[in-house]
Each structure stands twice: as C-alpha cells, then as structure tokens.
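Visitor: quick one, structure for this:
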Amino acid sequence: MKINIDQSRCQGHAMCYSNAPAFFVLNDDGYIAMDGDVTVPEALEAAVLRGVGACPERVLTIVPD
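Guide: Numbers count the residues shown, from 1 in each chain. Below is the predicted model of the structure:
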C-alpha cells in the first residue's frame with residue numbers, strides 16, 4: 001500500500017501521528033515531515049489507514065494500485 005502526503009497542506013494537528021507514531025514523522029514544529037508517495041509497511045497499514053482518515057485537512061490520500 002502507498003499513500004500520498006501533500007506536506008504543503010498540513011496544519012499541524014498531528015492526528016496522523018496520533019494514530020500511527022511508528023510511521024508518520026513530524027518536524028520540530030509538529031507538521032508532517034514527509035512528502036509525496038510513501039510505501040506503507042504491511043504491519044502498519046491498519047494504523048496508517050486510521051491516520052489517513054483522521055487528518056482534518058485531508059493531507060493524506062491512498063494511492064490506488
């Protein structure tokens with residue numbers, strides 16, 4: 001599974017990180033520090049999907065296969 005991260009839209013709510021801290025990386029100001037298409041390890045897919053759904057700014061989207 002891959003997700004797309006549009007870093008420019010992040011408002012620093014950190015809901016993604018709250019749901020999947022083992023995957024999402026935040027910068028020192030609390031904004032997502034990842035950008036573009038990112039491959040999600042299979043073991044973290046469920047947590048990352050929760051993070052995608054929790055983002056109020058819709059910064060994260062699932063990349064179709």
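
Visitor: C-alpha from now on. contacts and neighbour counts both.
Guide: Noted.

Visitor: which element is Thr61 on?
Guide: strand 60-63 (DSSP states H and E).

Visitor: so what are the sheet partners of that strand and their directions?
Guide: strand 2-5 (antiparallel) (DSSP bridges).

Visitor: please spell out which residues along the next helix or strand after the strand it pairs with are buried.
Guide: Per DSSP H and E, the first helix or strand lying C-terminal to strand 2-5 is helix 15-19. By neighbour count on 16 or more other C-alpha atoms under 10 Å, the buried set for helix 15-19 is Met15, Cys16, Tyr17, Asn19.

Visitor: give the contact list for the second one.
Guide: Right, Cys16. By C-alpha atoms under 8 Å, 6 or more residues apart in numbering, the contact set of Cys16 is Phe24, Val48, Arg50, Gly51, Val52, Ala54, Cys55.

Visitor: just Val25 next, same as before
Guide: Tyr17, Ile32, Ala33, Met34.

Visitor: next up, the contacts around Asp37.
Guide: Here Asp37 is in contact with Lys2, Ile3, Asn4, Ile5, Val63 (criterion: C-alpha under 8 Å, 6+ apart).

Visitor: got a pLDDT number for the closest residue in space to Arg50 that isn't next to it in sequence?
Guide: Distances taken as C-alpha to C-alpha, 6 or more residues apart in numbering put Asn19 closest to Arg50, at 6.1 Å, once the chain neighbours are dropped. Predicted confidence (pLDDT) for Asn19: 98.

Visitor: quick one: Ile62 from Asn27, how far?
Guide: Ile62 sits 22 Å away from Asn27, going by C-alpha to C-alpha, to the nearest Å.

Visitor: ignore what I typed, I meant Glu45.
Guide: 22 Å.

Visitor: neighbour count winner among the two?
Guide: Per other C-alpha atoms under 10 Å, whichever of Glu45 and Asn27 has more neighbours is Glu45, with 16 against 10.

Visitor: surely that one is within a strand?
Guide: No. Using DSSP: H, G, I helix; E, B strand; the rest coil, the assignment for Glu45 is helix, not a strand.

Visitor: ok, now which ones touch it?
Guide: Met1.
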